[in-house]
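Chemist: What would the 3D arrangement of this be:
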Amino acid sequence: MIRTVLIDDEIDSIRVLQRLLEGYCPEVSIVGKADGVEMGVHVIQSTKPDLVFLDIEMTHGNAFDLLNQLQPVEFQVIFVTAFDNYAIRAFKYSAVDYLLKPIDIDDLRASLGRVLQRVQGKTFVDQMETLLYNVETFQLTQQKMAVPTLTGLVFIPIKDIMRFEAKGSYTTIFLTNTEQIIATRNIKEYEDLLPSAIFCRVHNSHIINLHKIQKYHKGRGGYVVMEDGTNIEVASRRREEFLQRLLK
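Modeler: Residues are numbered from 1 along each chain as shown. The predicted structure is shown next:
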């Protein structure tokens, strides 16, 4: 059984989530509930749960205030929010689970499935540390991203990424220190995830960091020279969007 705590300042939201868990998730055992940061810290410390469903915005504080009081975070967290806001991208970068209200049962089951597969320990501690770092950081270029690989998660600063290159269903990430990381995500997933102010897909196989371009050479589509000396072709059909983004 997954020993679980529910934390939300809206009692109705707790009741709805409790009904969903009791009705559709027999692997979950609810061992505590709280309606705010102070009570939430107390309940977590006293029950030592495996998993916490945690509302982001509460009347007196938020989820990150609570987590900062419980470092290192050694339990799983599924965040719950009614707002598709700045925090969502931070969650995606950090590979942390979240649910949007009203909660969809399929999304709930999928999140619980990932919790069951995830091994407790250092990897999850690193994920939570990365998330808290991302939320507290104001500039996207200072954020970190969790990169899934065949051996686990690698956490890299966004500013250190030079470019992405598609390798079938995998993606090779090239860093400014010449290191290469093979990610088990396809390049389309990175195109959707990355901030468009910094990264641009210039070719079916390439996403580049616009801040790392050294030169652009005109031609049918043209090509860019990156700071590491690599030449990357700009596909003709992507040229207009690329130039618009480059000149912003």
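Chemist: what's the model's confidence in the one helix or strand residue 239 maps to, averaged?
Modeler: Residue 239 is located in helix 239-246, with elements delineated by DSSP states H and E. Helix 239-246 shows a mean pLDDT of 87.
Chemist: Next, the buried residues of that helix.
Modeler: 239, 242, 245 (16 or more other C-beta atoms under 10 Å). No exception for glycine: its C-beta is placed from N, CA and C like everyone else's.
Chemist: Give me the distance between the most far-flung residue of the chain relative to its centre and residue 210.
Modeler: No residue in the chain sits farther from the centre than residue 219, which is 37.2 Å out by C-alpha atoms, centre = their mean. Remark: distance between residue 219 and residue 210 (C-beta to C-beta, to the nearest Å) = 19 Å.
Chemist: ditto for residue 39
Modeler: For residue 39 relative to residue 210 (C-beta to C-beta), the value is 46 Å.
Chemist: for the helix or strand hosting residue 166, packing partners?
Modeler: In this structure, residue 166 is located in strand 161-167 according to DSSP H and E. In terms of contacts (3 or more C-beta pairs under 8 Å, 6 or more residues apart in numbering; DSSP states H and E), strand 161-167 is packed against strand 170-175, helix 187-193, strand 206-209.
Chemist: now those in TSV, with mean pLDDT and distance to residue 28?
Modeler: Shown next, in TSV, are the helices and strands packed on strand 161-167 (pLDDT from 0 to 100; distance: least, C-beta to C-beta, whole Å):
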stretch	mean pLDDT	distance to residue 28
strand 170-175	98	34
helix 187-193	92	29
strand 206-209	96	38
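Chemist: which one of these has the most crowded surroundings?
Modeler: strand 206-209 (a mean of 22; mean count of other C-beta atoms under 10 Å).
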